[in-house]
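A.B. asks: structure for the following, please:
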Amino acid sequence: MSLKSTENRWGSVARMLHWLMALAIIGNGIVGLVMDEMPRGMSKLNTFAIHKSIGLTVLALLVLRASWRLFDRKPDDEPMPRWQRLAAHATHGVLYLLMLAIPLSGWIYNSAHGYALQWFKLFNLPALSEKNDALSDFAGDTHEILFWVLAVVLVAHVGGALVHHLFERDNTLLRMLPFARLRPKNKGDQP
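C.D. replies: Here you go, the predicted structure:
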């Protein structure tokens, strides 16, 4: 198993970062939905702290993932119609923007609300703004709206991968799965 990506499949570092981020994002989305319904109290405050720490972790993983991509090649696209290739690249671009914008909007919300931001109670991060109720409201609304946009884009992303796997019978999904064997390429499959 190669650390770096090849022309046919993502390397183990890219796959690890992909799945770590997927688990953190989905888990943090669930935590965010649950914490909104919790009654006020220490349990809710602790859940908020966990949500913020996971969000900061996603942001750090995004920086690591983007940095890794500077040194790692992208596997060649599987053969597909041009519109599918454009849709896949657009979906990935939107996902990257959302993975950046959602944690930053949460950080701005937290800062503008006047709260300290800690990462798993190990250290504090600087505020991105001074206390500002209007900015806090805007950033909080933006954070929530972007989460729902992310949910829709993730459904499209996963749906596209499943369509390629189940109906197109290509390696789009397999080359990102750990330990999966790639399907043999057909002789007529040229991009």
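
A.B. asks: can you list the weak-confidence ranges in the protein?
C.D. replies: 186-191 (pLDDT under 70).

A.B. asks: in it, which spans are helices?
C.D. replies: 12-37, 42-71, 82-113, 133-163 (DSSP state H).

A.B. asks: buried residues, the third one. List them.
C.D. replies: What that stands for is helix 82-113. 84, 88, 91, 94-95, 98-99, 102-113 (16 or more other Cβ atoms under 10 Å). Backbone N, C-alpha and C define where each C-beta goes, glycine included.

A.B. asks: got the angle for that helix vs helix 12-37?
C.D. replies: Between helix 82-113 and helix 12-37, the angle comes out at 50 degrees (axes from the mean of the first three to the mean of the last three Cα atoms, to 10 degrees).

A.B. asks: and helix 82-113, what does it pack against?
C.D. replies: The elements that helix 82-113 packs onto, with contact taken as 3 or more Cβ pairs under 8 Å, 6 or more residues apart in numbering; DSSP states H and E, are helix 42-71, strand 117-119, helix 133-163.

A.B. asks: export the ones you listed as TSV, with columns for mean neighbour count.
C.D. replies: Conversion of these to TSV gives the following (neighbours: other Cβ atoms under 10 Å):
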stretch	mean neighbour count
helix 42-71	15
strand 117-119	16
helix 133-163	15
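
A.B. asks: okay if I get the ones you listed as JSON lines plus distance to residue 180?
C.D. replies: Below are those laid out as JSON lines (distance: least, Cβ to Cβ, whole Å):
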{"stretch": "helix 42-71", "distance to residue 180": "20"}
{"stretch": "strand 117-119", "distance to residue 180": "34"}
{"stretch": "helix 133-163", "distance to residue 180": "12"}
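
A.B. asks: for those, which one sits closest to residue 33?
C.D. replies: For these, the distance to residue 33 is smallest for helix 133-163, at 8.8 Å, taking Cβ to Cβ.

A.B. asks: quick revisit: nearest to residue 1, of the helices and strands packed on helix 82-113?
C.D. replies: Once those are compared by Cβ to Cβ, helix 42-71 is nearest, at 15.8 Å.
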